[in-house]
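Asks: Here is a sequence with its predicted model. Questions after.
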Amino acid sequence: MFIASQLLAAGLFGSMLFFSFVMAPLIFTQLDEATAGRFIRAVFPWYYLVLLALSGIAGLTLFSIAPLEAGVMLAIASIAAFTRQVLMPKINQQRDQAAAGDTAAGKRFDQLHRLSVIINMVQLVGVTLVLILLARG
C-alpha cells in the first residue's frame, strides 16, 4: 500500500505540474480566445476529477500507515471536489457575464480565477510535502 500511495502521489504531482505549467499556457498561447475558453471549460472538470481521484485514493491507502499524509491527501481531494463543483461554475458564470459586458462580473471573474490559481498552488505544495514525507520513510 505504501508504494501504491507513493505512485499515486507522484502521479498527482506530475499531472498537476504538467497541466499548470505546460498545458494551460500552451492552450492560451496557441489557440484563439474563443477556442481556448471552450477547451479549458471542457478540460477543467476532468482535471479536477483526476485530482480528486488520485488524491482521494492515495489518502485512503495512506490512512492506516501515514495519517498525516493521508489527511493532506484527503484535504486535497476535498478541495478539488469543492473547486470542481462550486468554484468552477461560479468562475464560468462570471466569465460569461463579463463577456456580455458586465464589468463588475469581470472583476469577480478575476478574483475567483486568482482564488482557483492559489488553491491549485496550495494543493501542489501539499502533494509536494506528502512526497517528501513519504520519501523519508
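Replies: Right, received. Where do you want to start? Numbers count the residues shown, from 1 in each chain.
Asks: all helices of the protein, in order?
Replies: Taking DSSP state H as the criterion, the chain contains helices spanning 2-18, 24-30, 33-62, 67-82, 88-99, 103-135.
Asks: Export only the CA atoms of stretch 41-59, formatted as CSV.
Replies: Once non-C-alpha atoms are left out, stretch 41-59 reads as follows in CSV (Å, rounded to 0.1, in the frame of the first residue of the first chain):
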residue,chain,number,x,y,z
ARG,A,41,-14.1,24.6,-19.9
ALA,A,42,-14.1,21.1,-21.3
VAL,A,43,-10.8,20.1,-19.7
PHE,A,44,-11.0,21.6,-16.2
PRO,A,45,-13.8,19.3,-14.9
TRP,A,46,-11.6,16.3,-15.9
TYR,A,47,-8.5,17.9,-14.4
TYR,A,48,-10.2,18.3,-11.0
LEU,A,49,-11.7,14.8,-11.3
VAL,A,50,-8.2,13.4,-11.8
LEU,A,51,-7.0,15.4,-8.8
LEU,A,52,-9.9,14.2,-6.7
ALA,A,53,-9.4,10.5,-7.7
LEU,A,54,-5.7,10.4,-7.3
SER,A,55,-5.5,12.3,-4.0
GLY,A,56,-8.6,10.5,-2.6
ILE,A,57,-7.3,7.0,-3.3
ALA,A,58,-3.8,8.0,-2.1
GLY,A,59,-5.4,9.4,1.1
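Asks: How far does it sit from its chain's centre?
Replies: 7 Å (Cα atoms, centre = their mean, to the nearest Å).
Asks: What of stretch 98-113?
Replies: 21 Å.
Asks: Take the helices of the chain and write them to TSV, including mean pLDDT and mean neighbour count.
Replies: (C-beta placed from N, C-alpha, C; glycine too.) Below are the helices of the chain laid out as TSV (pLDDT from 0 to 100; neighbours: other Cβ atoms under 10 Å):
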stretch	mean pLDDT	mean neighbour count
helix 2-18	94	17
helix 24-30	93	12
helix 33-62	95	17
helix 67-82	98	19
helix 88-99	96	16
helix 103-135	97	16
